[in-house]
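**Student:** Dropping the sequence and predicted coords here.
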Amino acid sequence: MLIKEINIRKMKMTMKAPFTTSFGTFQDKEFLLLEVTDELGNTGWGESTAFHSPWYNEETLETNLHMIRDFLIPLVLDKEIAHPDEINELFAPIRKNNMAKATVEGAIWDLYAKRNQLTLAQALGGTAEKIEVGISIGIQQNVEDLIELVRGYVAEGYKRIKVKIKPGFDVDVIKALRDAFPHVPLMADANSAYTLDDIDVLKQLDEFNLTMIEQPLASDDIIDHAKLQKELKTPICLDESIHSLEDARKAIELGSTKIINIKIGRVGGLTESKKIHDYCMENDIPVWCGGMLESGIGRAHNVALTTLPNFILPGDTAGSSRYWEEDVITPEVVAVDGYITVPTSYGIGYEPNIEVMDRFTVETFNFKE
Ligand code: OSB
Ligand code: MG
């Protein structure tokens, strides 16, 4: 296939409710959508998961725009591409900037699947017809509010509840939740808010039968996590620390992680996600698909990836309505009783809703030879 045209939209959408992590609060979500068009007029869509500010990782929407425009588009525009796995190699000489790479690569995967009359899930090798979903809940004003929220999501059928923790909002919160919901699969995500000095607090969490604790220590660490894992019964799951198959291999070898959260953007695309998935499967490390508060385009990519067989644990890909009044795809992503049914139309399986997209588009960019 020959990529003839690329269009980028800078988007701004407001989430239904603010989402707070140990590193900050999100409400207005700014992000990029990217559309590729081939020589036959087929199109494919990708979404950048970089946030407005470099809190989660070093990338931002503006650094993504710069990388995509000045470095990545010149590598793919008017170039013959036989398979999207080639993009991973084509982009390899450019260091990091994984979310920028994944935006372009994801759109090319969608295009490839449509052109070959495959669902994106099939193109990736996935077989699941429905996927199990959990939900990630931000830090709340108080424990009572959190318990009420959790009660609602448990009633909706979400398969596991993840709560965000930070120093001062941890052991008491998890204890109260466990007392209120003795049998619900529960996990905590610290987004790097602790150090090994906090080991006593983290050890106290062992009492509550958490499925895992996600990224307790520094966002670039795998050494201290290995030390911590030796002291904890609860499995550690790495998120921020894993950017590639190589990172995953090293973390697993060191014993820094027993579970991996795969985020397509963080690891630089679907091809790298598949590689990490396959490696983890061979090494008995379960994976699940993380979320970045995506709009429908990114969400659809997450759904497709989650159909691979080692996505054993429920992910963070909740339905569109958990985040948005209106989503940019039709139909929206719907979770029923904790399951999302994998779409059966070609590519990402959801149609872009251009009317909704237009209303939330702040700026557009067009690239043609
Ligand atoms: O660490 O998984 C995370 C949201 C923003 C930044 C980082 C994270 C998250 C979430 C929400 O946990 C996942 C989602 O619902 O999309
Ligand atoms: Mg996380």
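**Tutor:** Nice, thanks for sending it over. Numbers count the residues shown, from 1 in each chain. Ligands and ions are numbered 1, 2, ... in the order given.
**Student:** was I right about residue 343 contacting residue 349?
**Tutor:** Yes. Between residue 343 and residue 349 a contact is recorded at 2.8 Å, counting by CB atoms under 8 Å. Every C-beta, even on glycine, is put in place using the N, C-alpha and C of the backbone.
**Student:** Find residues that contact each of those two.
**Tutor:** Both residue 343 and residue 349 are contacted by 119, 300, 303, under the criterion CB atoms under 8 Å, 6 or more residues apart in numbering.
**Student:** Now residue 5: which helix or strand?
**Tutor:** Using DSSP states H and E, residue 5 falls within strand 3-21.
**Student:** Flag every buried residue along that strand.
**Tutor:** Under the neighbour-count criterion of 16 or more other CB atoms under 10 Å, strand 3-21 has 3-11, 13, 19-21 buried.
**Student:** That one pairs with which strands, parallel or anti?
**Tutor:** Counting by DSSP bridges, the strands paired with strand 3-21 are strand 24-38 (antiparallel), strand 361-368 (antiparallel).
**Student:** Now do the buried residues in the longest one.
**Tutor:** Of the residues in strand 24-38, those buried under the neighbour-count criterion (16+ other CB under 10 Å) are 26, 29-38.
**Student:** Tabulate the strands paired with strand 3-21 (CSV), appending distance to residue 320 and mean pLDDT.
**Tutor:** Formatted as CSV, these follow (distance: least, CB to CB, whole Å; pLDDT from 0 to 100):
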stretch, distance to residue 320, mean pLDDT
strand 24-38, 13, 96
strand 361-368, 18, 98
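**Student:** and of these, who's closest to residue 209?
**Tutor:** Closest approach to residue 209 among these (CB to CB): strand 24-38, 29.3 Å.
**Student:** Is there proximity between the closest one and ligand 1?
**Tutor:** No. Strand 24-38 does not reach ligand 1 (CB under 6 Å from any ligand atom); its nearest approach is 6.5 Å.
**Student:** Residues touching whichever helix or strand comes after that strand, excluding its own?
**Tutor:** Using DSSP H and E, the helix or strand that follows strand 24-38 in sequence is strand 43-47. Residues from elsewhere that reach strand 43-47 (CB under 8 Å, 6+ apart): 31-37, 102-114, 294-295, 297-298, 301, 347-348, 352.
**Student:** From those residues, which land in strands?
**Tutor:** Among those, DSSP state E puts 31-37, 352 in strands.
**Student:** and of these, the nearest to ligand 2?
**Tutor:** Set against ligand 2, the nearest of those by CB to the ion is residue 31 (17.5 Å).
**Student:** close enough to count as contact, that closest one and residue 295?
**Tutor:** Yes. Between residue 31 and residue 295 there is a contact at 6.8 Å, judged by CB under 8 Å.
**Student:** joint contacts of those two?
**Tutor:** 11, 13, 47.
**Student:** wait, which of these is closest to residue 150?
**Tutor:** The closest of the shared contacts of residue 31 and residue 295 to residue 150 turns out to be residue 13 (CB to CB; 25.3 Å).
**Student:** So the closest one is in contact with residue 298, correct?
**Tutor:** No. The pair residue 13 and residue 298 fails to qualify as a contact (CB under 8 Å) at a distance of 11.9 Å.
**Student:** what touches both of the two?
**Tutor:** What both residue 13 and residue 298 touch, as defined by CB under 8 Å, 6+ apart, is the set residue 31.
**Student:** Is the residue of the stretch 101-250 of the chain found nearest ligand 1 in a helix, a strand, or coil?
**Tutor:** Nearest residue of the stretch 101-250 of the chain to ligand 1 (CB to the nearest ligand atom) works out as residue 136 at 3.6 Å. Secondary structure, DSSP: H, G, I helix; E, B strand; the rest coil: residue 136 is strand.
**Student:** Helices of the stretch 151-300 of the chain, start to end?
**Tutor:** With DSSP state H, counting those that start in this stretch as the criterion, the stretch 151-300 of the chain has helices at 171-180, 199-204, 223-231, 245-254, 270-282, 296-305.
**Student:** Including mean neighbour count, mean pLDDT and distance to residue 126, could the ones you listed go into JSON lines?
**Tutor:** Shown next, in JSON lines, are those (neighbours: other CB atoms under 10 Å; pLDDT from 0 to 100; distance: least, CB to CB, whole Å):
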{"stretch": "helix 171-180", "mean neighbour count": "16", "mean pLDDT": "98", "distance to residue 126": "32"}
{"stretch": "helix 199-204", "mean neighbour count": "16", "mean pLDDT": "98", "distance to residue 126": "35"}
{"stretch": "helix 223-231", "mean neighbour count": "17", "mean pLDDT": "98", "distance to residue 126": "29"}
{"stretch": "helix 245-254", "mean neighbour count": "18", "mean pLDDT": "98", "distance to residue 126": "18"}
{"stretch": "helix 270-282", "mean neighbour count": "21", "mean pLDDT": "98", "distance to residue 126": "9"}
{"stretch": "helix 296-305", "mean neighbour count": "28", "mean pLDDT": "98", "distance to residue 126": "6"}
